[in-house]
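Asks: Quick one, fold the following:
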Amino acid sequence: MSKLKLAKLAYHELVSRYPWHSWYVPGAVEVAYTILKSYRKALRRGLSLGPEG
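Replies: Coordinates of the predicted model:
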């Protein structure tokens, strides 16, 4: 999933659901995308990501 697609999917829901100022939403999307990218990279490398590992 691209960062732009994630932003388009999440922007309106985040703005309507949470009482943040709308300029915080792109930052939240950026953080979520970075976490997703790191997670996928770890999976490709075969790293254990659960609490038992």
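
Asks: What segments of this structure are helices?
Replies: For the chain, the helices defined by DSSP state H cover 3-17, 24-45.

Asks: lowest-confidence helix or strand of the protein?
Replies: helix 3-17 (a mean of 80; mean pLDDT, DSSP states H and E).

Asks: can you give me the angle it makes with helix 24-45?
Replies: With axes from the mean of the first three to the mean of the last three Cα atoms, to 10 degrees defining the directions, helix 3-17 sits at 130 degrees from helix 24-45.

Asks: how about the most centrally placed residue in the chain, what does it touch?
Replies: Centroid-nearest residue in the chain, with Cα atoms, centre = their mean: A32, separated by 1.8 Å. Applying Cβ atoms under 8 Å, 6 or more residues apart in numbering to A32 gives the contacts L6, A10. Heads up, the C-betas are built off the backbone N, CA and C, glycines and all.

Asks: so how far is V25 from it?
Replies: A32 is 10 Å from V25, where distance means Cβ to Cβ, to the nearest Å.

Asks: any common contacting residues for these two?
Replies: A10.

Asks: what pLDDT does the residue nearest to the centre of the chain get?
Replies: Note on A32: pLDDT of 84.

Asks: And for K41?
Replies: pLDDT at K41 comes out at 90.

Asks: Can you report how many residues lie near it?
Replies: Neighbourhood size, K41 [other Cβ atoms under 10 Å]: 10.

Asks: Over to A10?
Replies: Around A10 there are 17 residues (other Cβ under 10 Å).
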